[in-house]
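Participant: give me a model of this one.
(chains A and B)
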Amino acid sequence: MPSLNRTVRRALPVLTLLSLIPLWELCCRLFEVPTFVLPAPSDIARAFVEVEPARWLGHLWATLRVALAGFAISLAISIPLAVLMVRSRFLSQTLYPLLVVIQSTPIVAIAPLIIVLFGTGWAPRLAITSLITFFPLVVSATTGMLATPQELIELSRSLRSSPTREIWYVRLPYAIPHLFSGMKVAVTLAIIGAVVAEFVAAEEGLGYFVQFSTSYFKIPQAFAALLFLSVVSLALFKGVQLLQALLFRWSLPRDKT
Amino acid sequence: MKAHVQFDRVSHSYPAESGAPVEALRDLNFSIEQGEFVAVLGPSGCGKSTLLRLLAGLFPATSGSVSVYDCPVSGPQENTGIVFQKPTLLPWKNVLDNVLFPIRYKAGRPGARDIEQAKSLLEMVGLADFQKHMPDQLSGGMQQRVGIARALLLDPEILIMDEPFSALDALTREEMGFDLLRIWRQRPKTVLFITHSIAEAVLLADRVLVLSERPATLVEEVAIELPRPRSADTIHERAFADYTQRLRELIYQPRLTVVPGGKQDQGGHHAIA
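Facilitator: Okay, here's the model as predicted:
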């Protein structure tokens, strides 16, 4: 649609989403859908306001710090691991299958086992979040480093550089665009990880609040918490995008407009 | 006078995934004098790039020896600069920092003299006003000029160029050729220039080594005795046409006679480039 200007084009997805709300409300009222099946937007809004802001913030913070800390731990482990796998053929051949096995195991299924292993508290929640975010980070960092042009590697070899310099000055920067793609996936997975952990063992957090509300049959309140979670997830995704734009402007495609 | 670069019975094979190793070079013997501009001409994929990498010391030859001033090349060389087919600049560094990359890479922080040197090289390649530009803001030809300046930064004795202009359009390519001659006059180096363009080889080189198809053997060495400095007028001289004709025969003759009815790959379009 070339006739639409930029602002309208950008607002279009939001407008589409917003226009669904009255439709949703209308359907609920028209067909008299019971609130425990599907609450109307007005019910959800009311439920949202009824919960005190301090309580919301408490739950938000509980989820967010697990998600972010788990993500950070995962990042701190996966990048050195990716470097090792790029450096050593042996390690990449032995570790990669192991990573795939970890990735294909449903984390939700092993979450209770992790709780048994680590007890209750912070540790299991961080472990679950790290496990779930780990794979996209390792894979994207490894792929990025291996995507470095061969000529550049040869150039650095011809300068008789140490392998450390080759990684630090050439391969890692080359991996930045790939790594950020992985981070965008991983950061939303981090929220999923935190919520899964809260489902299994927690007495705070938005995931816990969804479960708590459902068990007391406060469905509109559960929906409110769910929507809140989506917004947080979206905000984190945007945050990663913003971070890339701020720190690594060059890694983004140059704006053609 | 001692030869600057000496290839002595050099052969090289690559290990294949399955079956016999792939033979890239077979029994190459040649030498390059100091300050000489030598072009290596051969069909695509004949092993020209292998030859370059052997001289750069990126890997050892399967047999035979490559030496620089009688000293066998056993590893990466301090005194060689390499220009690749693609410019391969660092997309996160501006033009000046890309030229300084070898220093930053070896020593960490470039000094005032290095920066002066980089700036004067950029001026020489005609990019004085583009120091702060990022690589993706430059055209292909400009990026390759940055690559040349980078290769000259450590003031190497030998400049190795691997089809440096083959990714450029025909007009830019011709212009870059003349620029390279000017740069070579200002900073005399021993040059090994790999190309698959006959005209480019004749225009630039003192001597052209003609290689056969894989495994590459040396078909003939042709000394190009055209007066220097060469310019756009050189191309119109009778002697220039004679040399290109002779080289073309050397390259295509064996194919036409040896493989009757075999596949005629690629035709002669490289010759005009």
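Participant: grab the longest helix from chain B for me.
Facilitator: Ranked by residue count, the top helix of chain B under DSSP state H comes out as helix B:238-258.
Participant: now it: buried residues?
Facilitator: B:240, B:243-244, B:246-247, B:250-251 (16 or more other Cβ atoms under 10 Å in any protein chain shown). Glycine gets a C-beta too; all of them are placed from N, C-alpha and C.
Participant: and chain A, which of the residues you listed reach it?
Facilitator: Residues of these in contact with chain A (Cβ under 8 Å from any Cβ of the partner chain): none.
Participant: so the helix or strand containing residue B:209 versus helix B:238-258, what angle?
Facilitator: Assessed by DSSP states H and E, residue B:209 sits inside strand B:207-211. Strand B:207-211 runs at 10 degrees relative to helix B:238-258, counting by axes from the mean of the first three to the mean of the last three Cα atoms, to 10 degrees.
Participant: strand B:207-211 pairs with which strands?
Facilitator: strand B:37-41 (parallel), strand B:218-223 (antiparallel) (DSSP bridges).
Participant: mind exporting the shortest one as CSV, just the C-alpha atoms?
Facilitator: Translated: strand B:37-41. C-alpha atoms of strand B:37-41 as CSV (Å, rounded to 0.1, in the frame of the first residue of the first chain):
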residue,chain,number,x,y,z
PHE,B,37,54.9,-7.1,-11.2
VAL,B,38,53.9,-10.6,-12.1
ALA,B,39,50.4,-11.6,-13.2
VAL,B,40,49.2,-15.2,-12.9
LEU,B,41,46.7,-15.9,-15.6
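Participant: so how far is that strand off the chain centroid?
Facilitator: Centroid separation for strand B:37-41 versus its chain: 7 Å, with Cα atoms, centre = their mean, to the nearest Å.
Participant: name the residues that touch the helix or strand following it?
Facilitator: Downstream of strand B:37-41, the next assigned helix or strand under DSSP H and E is helix B:48-56. With contacts defined as Cβ atoms under 8 Å, 6 or more residues apart in numbering or on different chains, helix B:48-56 is touched by A:154, A:158, B:5, B:7, B:10, B:12, B:24-25, B:28, B:40, B:42, B:59-61, B:66, B:73, B:76-77, B:80, B:82, B:158, B:160, B:162-163, B:192, B:194, B:196, B:211, B:216.
Participant: quick check: next helix or strand after helix B:48-56?
Facilitator: Immediately after helix B:48-56, counting by DSSP H and E, sits strand B:63-68.
Participant: next, the contact list for the one residue in the stretch 51-200 of chain A that gets nearest to chain B, please.
Facilitator: Closest residue of the stretch 51-200 of chain A to chain B, Cβ to the nearest Cβ: residue A:151 (4.2 Å). The contact partners of residue A:151, taken as Cβ under 8 Å, 6+ apart, are B:84-86, B:88.
Participant: which parts of the stretch 51-200 of chain A sit against chain B?
Facilitator: A:149, A:151-152, A:154-161, A:165, A:169-170, A:173, A:176.
Participant: residue ranges in the stretch 151-273 of chain B under the pLDDT threshold?
Facilitator: Scanning the stretch 151-273 of chain B for pLDDT under 70 picks out B:254-273.
Participant: having no further points to raise, I will conclude here.
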